[in-house]
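>>> the following block contains a protein sequence and its predicted model.
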There are 2 protein chains.
Amino acid sequence: MRAVIPFKKSNAKSRLSTLLTDKEREEFAMAMLSDVTETLLRSGCFKVVDILSTSLIDDVGANIVLTEMGLNEALNEYLHKMSSHFFNEPVLIIMADIPLVSIKNIREITASHAEIVIVPGRMGGTNALFISDPSRFHVDYYGASFLKHRNIAEKKVLVYEVFDSFNLSTDIDEVADLAEVLLHGTGRAAGYLKKLGFVLEESRGRVGVKRK
Amino acid sequence: MRAVIPFKKSNAKSRLSTLLTDKEREEFAMAMLSDVTETLLRSGCFKVVDILSTSLIDDVGANIVLTEMGLNEALNEYLHKMSSHFFNEPVLIIMADIPLVSIKNIREITASHAEIVIVPGRMGGTNALFISDPSRFHVDYYGASFLKHRNIAEKKVLVYEVFDSFNLSTDIDEVADLAEVLLHGTGRAAGYLKKLGFVLEESRGRVGVKRK
C-alpha cells in the first residue's frame, strides 16, 4: 500500500498572507506537510510514502518525487504508473494541509472494505481518497471535487464509502482556519504557530486568532 | 438514556438573513431540528428525546419542554434534574443545527466507554456532549466551549473522548454553510433549501450557494 501527498511550496497558502510573510507561509506549509507525513509513517500502513512536489524541499522522511505538472495531471500520472506495476497496489492520496489527521484516521480509512474511500473537505473539497485499484479510478480536483469523485465512482460501479472526519475535513487555507490548529493541533504546525506568537482570541462569543 | 436538544425558534439563524426571510429562517431551523430529532429517534438509543425550547413549536416527534432560561442555565438545570432521578441515566446533549448527523454517529457516540464524549463544532464550539453521569458534569457554552468542556472533564478527573466527525462539526450558521447542506444533506433541511431554489454555485474553483 502506498500513500502520496501532493505539495506546492512556492507561494504556498497565499490566503494567509495578511498575517504571515512569504517565508513564514512556506515554513508553516512545511510544518503541516511534516505532520501529515509523520502520521502516515507512524500509522505503519504504507510500504512507501511519496511527496509529489513542484520543487525541492527539505527532508520530512518521505520520498520526494518532482513534477512540473498540475495537481490532477500529476496524480493521474501517478495512479497510471501504479496500475502498470505488477502489483496494482492500493493508493491513499492525502492533502498536505490537514495537520489534524490522526493515526486512527489513517488506519480506519485503509481498513475500509470499500473500493473507494472519499474523505470530504469543507465546501465540497476532497481531502483524501483511498483507491484500492488505481487502474480503475482517476481524480478530478478543484471546485466541488467531492461530487466529482463520487460521480466517477458511481459511473465505474465502484463500491465507495464517504469517510466522516472533522480532523480530515479541516484543511488550513484561511486565517480563521488557524484557530482550528491552535484548538486541536498537537504537532509541528500548532507548535510553529505558537512560536510565531499566535493565540486564540474571543470576541462577542466567537473564537478567532491574533498574533501577539 | 435520554437525549436533549436546546432550541430557539424566534429570530433563529439571524446570520442567514441576507438570503432568507424571517419566516424562511424559522422554517429552515425547524427542518434542521426535525432532521436531528428523527435521527435520534431512529437510532433506537433513547428512551426519551426532549427539546428544550424557548417557545411552543410544531410537533417533530419529541417532548417539548418549555424554558425561559438561557442555554447554559436551561441545560444545567436539565442535568441537575436528571441526576436527582433514581436512575441517574446518561444524557446526550445535541445541537439543533447539525442536520448532517447520522444514525451511525449517534450509535457510536452512545456506545463510547468514556465518561464524557465531547463532539467539537468548528471554531471551538461543542456540537454534542454525551454525559454518562449527569451529576458529575455541567455545561459552559459560547466561545471556545470545546476547551471549557475539556477542562471541566479534566478537573473532575473524568475519562473523556473527543469524537471526530465532519457531520457533527458542521453547524449551519452562515450562508456559506448552506453549501454543506446541499452537498451532503439528504433530509428535510436539504429538501427545504432545494424547494426555496438554492443551488450550488462554482466560481473561480470555489463552491458557494445562490438562490435562483
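Received, thanks. Numbering: from 1, shown residues only, chains lettered A, B, ... in the order given.
>>> nearest spatial neighbour of the residue nearest in space to the middle of chain A, chain-adjacent residues omitted?
Against the mean C-alpha coordinate of chain A, by C-alpha atoms, centre = their mean, the closest residue is A:M95 at 1.5 Å. Distances taken as C-beta to C-beta, 6 or more residues apart in numbering or on different chains put A:N127 closest to A:M95, at 4.9 Å, once the chain neighbours are dropped. Any C-beta I mention is one placed from the backbone N, CA and C, and that applies to glycine too.
>>> my guess is that neighbour meets A:F166, correct?
No. Distance between A:N127 and A:F166: 11.1 Å, which falls outside the contact criterion (C-beta atoms under 8 Å).
>>> can you name the helix or strand that the residue nearest to A:M95 falls in?
A:N127 is part of strand A:126-131 when elements are defined by DSSP states H and E.
>>> that strand - which strands sit beside it in the sheet, and in what orientation?
Within its sheet, strand A:126-131 is paired with strand A:91-94 (antiparallel), strand A:116-120 (antiparallel), according to DSSP bridges.
>>> okay if I get those as TSV plus mean neighbour count, mean pLDDT and distance to A:S84?
Shown next, in TSV, are the strands paired with strand A:126-131 (neighbours: other C-beta atoms under 10 Å in any protein chain shown; pLDDT from 0 to 100; distance: least, C-beta to C-beta, whole Å):
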stretch	mean neighbour count	mean pLDDT	distance to A:S84
strand A:91-94	24	98	13
strand A:116-120	25	98	20
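>>> want to try a markdown table for those strands, with distance to B:M123 as columns?
Below are the strands paired with strand A:126-131 laid out as a markdown table (distance: least, C-beta to C-beta, whole Å):
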| stretch | distance to B:M123 |
| --- | --- |
| strand A:91-94 | 24 |
| strand A:116-120 | 18 |
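>>> relative to B:E161, which of those is closest?
Put simply, out of the strands paired with strand A:126-131 the one that sits nearest B:E161 is strand A:116-120, at 20.8 Å, with distance taken as C-beta to C-beta.
>>> for the residue nearest to A:M95, what are its contacts?
A:N127 makes contact with A:I94, A:M95, A:I98, A:V119, A:P120, A:G121, A:L168, A:S169, A:D171 under the criterion C-beta atoms under 8 Å, 6 or more residues apart in numbering or on different chains.
>>> let's go with 7 Å and repeat that
Residues in contact with A:N127 (C-beta atoms under 7 Å, 6 or more residues apart in numbering or on different chains) are A:M95, A:I98, A:V119, A:P120, A:G121, A:L168, A:S169, A:D171.
>>> can you list the residues of chain A near chain B?
With the criterion set to C-beta under 7 Å from any C-beta of the partner chain, chain A comes near chain B through A:120, A:123-124, A:142-144, A:146-147, A:164-167, A:169, A:176, A:179, A:183-184, A:200, A:202, A:205-207.
>>> buried stuff in the top helix by length along chain A?
Of all the segments assigned as helix in chain A under DSSP state H, the longest by residue count is helix A:22-43. Across helix A:22-43, burial judged by 16 or more other C-beta atoms under 10 Å in any protein chain shown covers A:24-41, A:43.
>>> how distant is that helix from the center of its chain?
Using C-alpha atoms, centre = their mean, to the nearest Å, we find the averaged C-alpha position of helix A:22-43 to lie 10 Å away from the chain's own average C-alpha position.
>>> then stretch A:193-200?
Chain-centre distance of stretch A:193-200: 22 Å, with C-alpha atoms, centre = their mean.
>>> now do the same end-to-end measure for that stretch.
Between the opening and closing residues of stretch A:193-200 there is a gap of 11 Å (C-alpha to C-alpha, to the nearest Å).
>>> buried ones in that stretch?
Judged by neighbour count (16+ other C-beta under 10 Å), stretch A:193-200 contains these buried residues: A:L193, A:L196, A:F198, A:L200.
>>> now the helices for chain A?
Here chain A has its helices, by DSSP H, at A:22-43, A:71-83, A:103-110, A:145-155, A:166-169, A:178-184, A:188-195.
>>> in a markdown table: those helices, plus distance to A:T54.
Compiled in a markdown table, these are given as follows (distance: least, C-beta to C-beta, whole Å):
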| stretch | distance to A:T54 |
| --- | --- |
| helix A:22-43 | 12 |
| helix A:71-83 | 8 |
| helix A:103-110 | 24 |
| helix A:145-155 | 19 |
| helix A:166-169 | 23 |
| helix A:178-184 | 24 |
| helix A:188-195 | 20 |
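>>> which among these is found nearest to B:H80?
Relative to B:H80, the nearest member of the helices of chain A by C-beta to C-beta is helix A:178-184, separated by 28.8 Å.
>>> and the contacts of A:N127, which is closest to A:S112?
Taking the contacts of A:N127 together and measuring to A:S112 by C-beta to C-beta, the closest member is A:V119, at 10.4 Å.
>>> what bridges to the closest one?
When assigned by DSSP bridges, A:V119 has beta-bridge partners A:A128.
>>> shouldn't it be in contact with A:A128?
Yes. Between A:V119 and A:A128 there is a contact under C-beta atoms under 7 Å: 3.8 Å.
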